[in-house]
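1. Sequence first, then the predicted structure:
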Amino acid sequence: MAIATSHRFSSDDLPVEAGRYRLVASPSCPWSRRVLIARRVLGLTEALPLSMCYGRGEDGFWELTGPDGEPGTDAVLGARSLAEVYAATPGYTPPPTVPALVDTTTGQVVSDDSGTLLFDLATAWWDLRGAGAPDLYPLNRRNSTDAWDEWIGKHINRGHGVATHSKDEAKAAAAAQGVLVAFDVVDTMLARATRMHPSREGGMTLVDLPPLSSIVSIGQFLCGTEPTGSDIRLFTTVQAYEYGGRQSYPGSEAPQISFWPALSRWFRALEQRPGWVSSDERGALGL
């Protein structure tokens with residue numbers, strides 16, 4: 001993370017206050033898309049304003065946009081480069097990253113951790129949610145979501161990043177193989193839960209399986225009949241894999257997501273749900 005302390009929304013840290021914070025994100029970044037999905041489906045688009053980045057500026061860092069939507073100075077943050085936003089934050093170490101949550105009363109980045117932002121928006125911001133918004137971290141599924149979040153982060157989220165960005169060929173190849181085997185596992189578990197044929201069962205013997213607390217709750221989605229934050233965490237990485245990432249895997253182009261039938265069905269179902277893919281994200285992904 002780019003800042004020394006990524007704060008949390010709680011009684012002894014950040015107060016929840018509509019309009020006080022500004023989310024800086026990019027539709028081309030899977031870590032940003034986690035938070036963008038949560039912001040939309042939870043009905044927090046007015047309570048949490050947004051500044052978008054679509055590419056890199058002359059300094060090589062994320063570039064903000066002006067009022068016309070083109071690269072320029074953000075009217076609220078008064079900055080063109082994300083580095084300028086981070087520069088006011090104590091404990092900042094380059095490079096600046098997205099998503100970034102800015103406290104507009106101080107101009108400082110108070111959080112740059114997509115996982116905790118996703119969780120906090122779904123829980124601490126509960127009272128500001130829109131009508132009919134889902135519960136992404138239900139208390140009666142918290143053991144399951146915690147277990148899935150940890151397993152997905154270890155075996156898929158971080159592995160995909162290494163597979164597509166590491167300059168160490170051996171590390172990239174090992175990470176890529178780990179992601180593909182983890183897809184085998186998720187596909188098998190979804191297939192068994194939804195009475196599909198588990199065509200990729202071999203992967204169950206090659207990697208540490210998710211804890212029992214996650215397995216017992218799986219249904220159409222990872223934790224039952226409705227998507228949770230765990231589904232969001234997996235979805236944006238599968239999305240990054242399917243739309244460009246797999247072509248960067250070491251050796252040769254990795255399989256399309258359709259190679260895993262149950263995982264593919266899960267993914268396509270979420271793609272069609274309102275709020276899960278915005279027009280900006282479709283453009284960034286080349287859809």
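-> Yep, that arrived.

2. How about the contacts made by the closest residue to residue 31 other than its chain neighbours?
-> Closest residue in space to residue 31, ignoring its immediate chain neighbours: residue 114 at 4.2 Å, by CB to CB, 6 or more residues apart in numbering. No exception for glycine: its C-beta is placed from N, CA and C like everyone else's. Residues near residue 114 by CB atoms under 8 Å, 6 or more residues apart in numbering: 31, 32, 34, 35, 99.

3. quick one: residue 114 and residue 120, what's the gap?
-> 11 Å (CB to CB, to the nearest Å).

4. How about residues contacting stretch 225-235?
-> Stretch 225-235 has contacts (CB under 8 Å, 6+ apart) with 34, 37-38, 115, 118-119, 122, 134, 136-138, 141, 144-145, 148-149, 152-153, 156-157, 186, 214, 219, 221-223, 266-267, 270, 273, 276.

5. Check the residue lying closest to residue 59 once chain neighbours are set aside and give its pLDDT.
-> Distances taken as CB to CB, 6+ apart put residue 81 closest to residue 59, at 5.4 Å, once the chain neighbours are dropped. With respect to pLDDT, residue 81 has a value of 94.

6. ok, now residue 205?
-> Value for residue 205, per-residue pLDDT: 66.

7. mind listing what's buried in the helix of greatest length in the chain?
-> Determined from DSSP state H, the single longest helix within the chain is helix 169-193. Using 16 or more other CB atoms under 10 Å as the test for burial, helix 169-193 gives 172-173, 175-191, 193.

8. What ranges in the stretch 101-250 of the chain fall below the confidence cut-off?
-> 202-207 (pLDDT under 70).

9. can you rerun that using 90?
-> For the stretch 101-250 of the chain, residues meeting the criterion pLDDT under 90 lie at 195-218.

10. Need the phi and psi values for the spatially most central residue of the chain.
-> In the chain, the centroid-proximal residue (CA atoms, centre = their mean) is residue 34; its distance is 2.9 Å. Phi and psi for residue 34, reported as degrees, to the nearest 10, are phi -50, psi -50.

11. Wait, it touches residue 116, no?
-> No: with contact defined as CB atoms under 8 Å, residue 34 does not reach residue 116; the gap is 10.7 Å.

12. nearest spatial neighbour of residue 258, skipping sequence neighbours?
-> residue 264 (4.9 Å).

13. tell me the mean pLDDT for the helix or strand encompassing that neighbour?
-> Assigned by DSSP states H and E, residue 264 falls within helix 261-271. Helix 261-271 carries an average pLDDT of 97.

14. Quick one: list the elements packing against the strand ranked longest in the chain.
-> Ordering each strand of the chain by length in residues (DSSP state E) puts strand 50-56 first. With contacts taken as 3 or more CB pairs under 8 Å, 6 or more residues apart in numbering; DSSP states H and E, strand 50-56 sits against strand 21-25, strand 62-64.

15. Buried residues in stretch 243-261, which are they?
-> By neighbour count with 16+ other CB under 10 Å, stretch 243-261 contains the buried residues 243, 245, 246, 249, 250, 254, 257, 259, 260, 261.

16. and these, which two are the farthest apart?
-> 250 and 261 (24.9 Å; CB to CB).

17. How is the residue of the chain most remote from its centre assigned, secondary-structure-wise?
-> In terms of distance from the mean C-alpha position of the chain, residue 197 ranks first, at 28.9 Å (CA atoms, centre = their mean). Residue 197 carries the three-state label coil when classified by DSSP: H, G, I helix; E, B strand; the rest coil.
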